[in-house]
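Engineer: need a structure here:
(4 chains)
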Protein chains: 2
Amino acid sequence: MEDQFIKTASLIGDPTRASILWTLMDGRAFTATELAVSVNTSPQNISMHLGKLLDADLLCVEKQGRHKYYRFSNKEVAYALEAMASLVPKPVVASKNKTYPPIKFCRTCYDHLAGKIGVALTDSLLEQKIIVNQNNTFEISSDGEKWFSDFGINLEEAQKQKRIFLKPCLDWSERRNHIAGSIGTLLFNKMLKEDWLRKTENSRAITVTGKGEKELLKYFKIVV
Amino acid sequence: MEDQFIKTASLIGDPTRASILWTLMDGRAFTATELAVSVNTSPQNISMHLGKLLDADLLCVEKQGRHKYYRFSNKEVAYALEAMASLVPKPVVASKNKTYPPIKFCRTCYDHLAGKIGVALTDSLLEQKIIVNQNNTFEISSDGEKWFSDFGINLEEAQKQKRIFLKPCLDWSERRNHIAGSIGTLLFNKMLKEDWLRKTENSRAITVTGKGEKELLKYFKIVV
DNA sequence: TTCATAGTTAAGTGCAGAATGAACTATTGC
DNA sequence: GCAATAGTTCATTCTGCACTTAACTATGAA
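Structural biologist: Residues are numbered from 1 along each chain as shown, chains lettered A, B, ... in the order given. Purely as a prediction, here's the structure:
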């Protein structure tokens, strides 16, 4: 197992390949040429690197005419890369009234918000005391109830639904919970409806619209 | 951010450093010389590599006399490495009545079992139909109730406790739930009491005893 | 058919950075 | 004090593997 791990680590660790993976991290599929441009290297070189990533099953290809679309072959890859990204040295802390770091990854995890946006959103809800953490369970504060109704979400209706109303959902580090349950879904759907977010075809990725960018900053201090 | 990510990736990706990190993955702290032996290289070389890992804040040191003990500086590092380890190409599936792959990492996550052992344990409980997944909530089957009482765990008592009785707790990939809540704690404590597992000092890591090794194989088909 | 674009394969080169050698400091034990 | 062990620093060497040059196949458009 150890040498397997080392192989995988060196595979990811090459600067050019790391850059390829970084580019693919938004969930979309890219052609070889697009990647060559994005990574700033030659087509041959990209081809070589993509070959290695394919061999290791980190990527998969889909052929469309004379194009080949490369993307992550499974979500474990995205998770691993995010976990690695979380290791980059923290910048010296900026200000008290902080905005959250730019979001690169935006995925849907089942039907609740996952990825960085989910985490940042949860952090913000907690900080604004819209939800509070009580013995590792999230509860909606009385202020929060008002907030949700202002936001256009009917809590009574949500409460009726069978599934768990509000629960922390562990992302790849217990430090970073993001909300799940019907509240997560409601928030997510609301944002889709208001056109803050859009689903993309052929991918689990969602993109943030210009409107969403502004609103996410306004409501949650999230910098996309 | 991208070049930061690339730097971190290449840092981890060097074979020697990957091997160092792999060694440290069991949660213990190692001296420079121990690592040099384990990684099979010279003291100077280890020193150089450890220096780089320290700079990037992936490791931290503690000086004790003329020794220096190196370990992960935070659990994010362990998580990232585990996530990377999960990317190693799956071996061709062995047998139907499978045993789980060897466990390298064994940590306590708050007070429930985390890391590979937690995941493997949960997989096994699910496979033995001791617990069943119903709409993303774990429930104890009727067979399971008998199993727990045979195992020496009093379910009625657990149920009395306030905290959530049984819930999936997401590890770094939604494919890999491990159980949390009072059941997780009960199992964990039982294993400590029966001396299957032992806590180590100065570390969150727990070690599996010889007895534990046998019993984990017997009860859960987990190969430590 | 011809030209352009997309991508791959093979052989040879070059260099970043890992490993080595030698000389150093620091702590422990006698 | 001296010897032994633990670890570091710096200058030098060396090498794996990324990258290049060049020639190739495949699809699409005119």
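
Engineer: any stretches of chain A with poor pLDDT?
Structural biologist: Across chain A, the ranges flagged by pLDDT under 70 are A:26-27, A:90-120, A:133-138, A:157-186, A:198-210, A:223-224.

Engineer: which stretches of it form strands?
Structural biologist: A:30-31, A:59-64, A:67-72, A:108-109, A:112-113, A:131-134, A:137-140, A:168-170, A:177-179, A:197-199, A:206-208 (DSSP state E).

Engineer: quick check: closest non-adjacent residue to the one residue in chain A that gets nearest to chain B.
Structural biologist: Closest residue of chain A to chain B, C-beta to the nearest C-beta: A:Gly13 (1.3 Å). C-betas here are computed from N, CA, C, even on glycine. Nearest residue to A:Gly13 in three dimensions, chain neighbours excluded: B:Gly13, at 1.3 Å (C-beta to C-beta, 6 or more residues apart in numbering or on different chains).

Engineer: ok, the one you found to A:Leu21 distance?
Structural biologist: 11 Å (C-beta to C-beta, to the nearest Å).

Engineer: got any residues that touch both of those two?
Structural biologist: Common contacts of B:Gly13 and A:Leu21 (C-beta atoms under 8 Å, 6 or more residues apart in numbering or on different chains): A:Ile12.

Engineer: how does chain A divide into domains?
Structural biologist: A:2-82, A:108-220 (automatic domain parsing).

Engineer: quick one: name the residues of chain A near DNA strand C.
Structural biologist: Applying C-beta under 7 Å from any atom of the strand, we find that chain A lies next to DNA strand C at A:31-34, A:43-44, A:46-48, A:50-51, A:66-68.

Engineer: now, these that are in helices?
Structural biologist: Among the residues of chain A next to DNA strand C, the ones falling in helices (DSSP state H) are A:Ala32, A:Thr33, A:Glu34, A:Pro43, A:Gln44, A:Ile46, A:Ser47, A:Met48, A:Leu50, A:Gly51.

Engineer: what number of residues lie near the third one?
Structural biologist: Per other C-beta atoms under 10 Å in any protein chain shown, the neighbour tally for A:Glu34 reads 16.

Engineer: A:Ile222 against A:Ser124, yeah?
Structural biologist: Yes. At 6.5 Å, A:Ile222 counts as touching A:Ser124 under the criterion of C-beta atoms under 8 Å.

Engineer: which of the two has more neighbours?
Structural biologist: Using other C-beta under 10 Å, the more surrounded residue of A:Ile222 and A:Ser124 is A:Ile222, with 23 against 18.

Engineer: now that one: closest residue in space, sequence neighbours ignored.
Structural biologist: Using C-beta to C-beta, 6+ apart, the nearest residue to A:Ile222 is A:Leu216, at 4.4 Å.

Engineer: again, but for A:Glu215
Structural biologist: In space, A:Glu215 is closest to A:Trp196, 5.3 Å off (C-beta to C-beta, 6+ apart).

Engineer: on that earlier part again, which of the ones in helices among the residues of chain A next to DNA strand C tops the neighbour count?
Structural biologist: Going by other C-beta under 10 Å, A:Ile46 tops these with 23 neighbours.

Engineer: was I right to think that residue contacts A:Thr31?
Structural biologist: No. Using C-beta under 8 Å, A:Ile46 is not in contact with A:Thr31; the gap is 9.8 Å.

Engineer: what touches both of those two?
Structural biologist: Residues touching both A:Ile46 and A:Thr31 (C-beta under 8 Å, 6+ apart): there are none.

Engineer: tell me who's in contact with A:Gln128.
Structural biologist: A:Gln128 is in contact with A:Trp147, counting by C-beta under 8 Å, 6+ apart.

Engineer: how about it, phi and psi?
Structural biologist: Backbone torsions for A:Gln128, taken as degrees, to the nearest 10, come to phi -80, psi 0.

Engineer: look up how far B:Gln4 lies from it.
Structural biologist: Per C-beta to C-beta, A:Gln128 is found 29 Å from B:Gln4.

Engineer: what's the local residue count around A:Glu139?
Structural biologist: A:Glu139: 12 neighbours (other C-beta under 10 Å).

Engineer: err, A:Glu194, not the other one
Structural biologist: Neighbour count of A:Glu194, defined by other C-beta under 10 Å: 14.

Engineer: before we move on, what about A:Met1?
Structural biologist: Using other C-beta under 10 Å: A:Met1 sits among 12 other residues.

Engineer: I figured it hits B:Pro89, correct?
Structural biologist: No. The pair A:Met1 and B:Pro89 fails to qualify as a contact (C-beta under 8 Å) at a distance of 11.2 Å.

Engineer: about what we covered before: ok, which pair from the residues of chain A next to DNA strand C is furthest apart?
Structural biologist: Distance extremes for those: the farthest pair is A:Met48 and A:Arg66 at 19.3 Å, using C-beta to C-beta.

Engineer: would you map the helices across chain A?
Structural biologist: For chain A, the helices defined by DSSP H occupy A:2-13, A:15-24, A:32-39, A:43-55, A:75-85, A:115-127, A:142-151, A:155-160, A:181-193, A:210-220.

Engineer: alpha carbons only: can I get the fourth one in PDB?
Structural biologist: Listed in PDB are the C-alpha atoms of helix A:43-55, where the atom choice follows Å, rounded to 0.1, in the frame of the first residue of the first chain:
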ATOM      1  CA  PRO A  43      -0.400  19.800 -26.400                       C
ATOM      2  CA  GLN A  44       2.100  16.900 -26.400                       C
ATOM      3  CA  ASN A  45       2.900  17.600 -22.800                       C
ATOM      4  CA  ILE A  46      -0.700  17.800 -21.800                       C
ATOM      5  CA  SER A  47      -1.400  14.600 -23.600                       C
ATOM      6  CA  MET A  48       1.400  12.800 -21.700                       C
ATOM      7  CA  HIS A  49       0.100  14.100 -18.300                       C
ATOM      8  CA  LEU A  50      -3.500  13.300 -19.100                       C
ATOM      9  CA  GLY A  51      -2.400   9.800 -20.000                       C
ATOM     10  CA  LYS A  52      -0.900   9.300 -16.600                       C
ATOM     11  CA  LEU A  53      -3.900  10.700 -14.800                       C
ATOM     12  CA  LEU A  54      -6.100   8.400 -16.800                       C
ATOM     13  CA  ASP A  55      -4.000   5.400 -16.100                       C
END
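
Engineer: show the contacting residues for the closest residue to DNA strand D within chain A.
Structural biologist: Closest contact between chain A and DNA strand D, by C-beta to the nearest atom of the strand, is at A:Gly65 (3.2 Å). Not one residue lies near A:Gly65 by C-beta under 8 Å, 6+ apart.

Engineer: distance check, it against B:Glu194.
Structural biologist: Relative to B:Glu194, A:Gly65 is positioned 62 Å away (C-beta to C-beta).

Engineer: A:Leu217 too?
Structural biologist: Distance from A:Leu217 to B:Glu194, by C-beta to C-beta: 53 Å.

Engineer: what residues does chain A have near DNA strand D?
Structural biologist: Listed as neighbours of DNA strand D in chain A under the rule C-beta under 7 Å from any atom of the strand: A:10, A:14-16, A:41-42, A:44-45, A:48-49, A:52, A:65-66.
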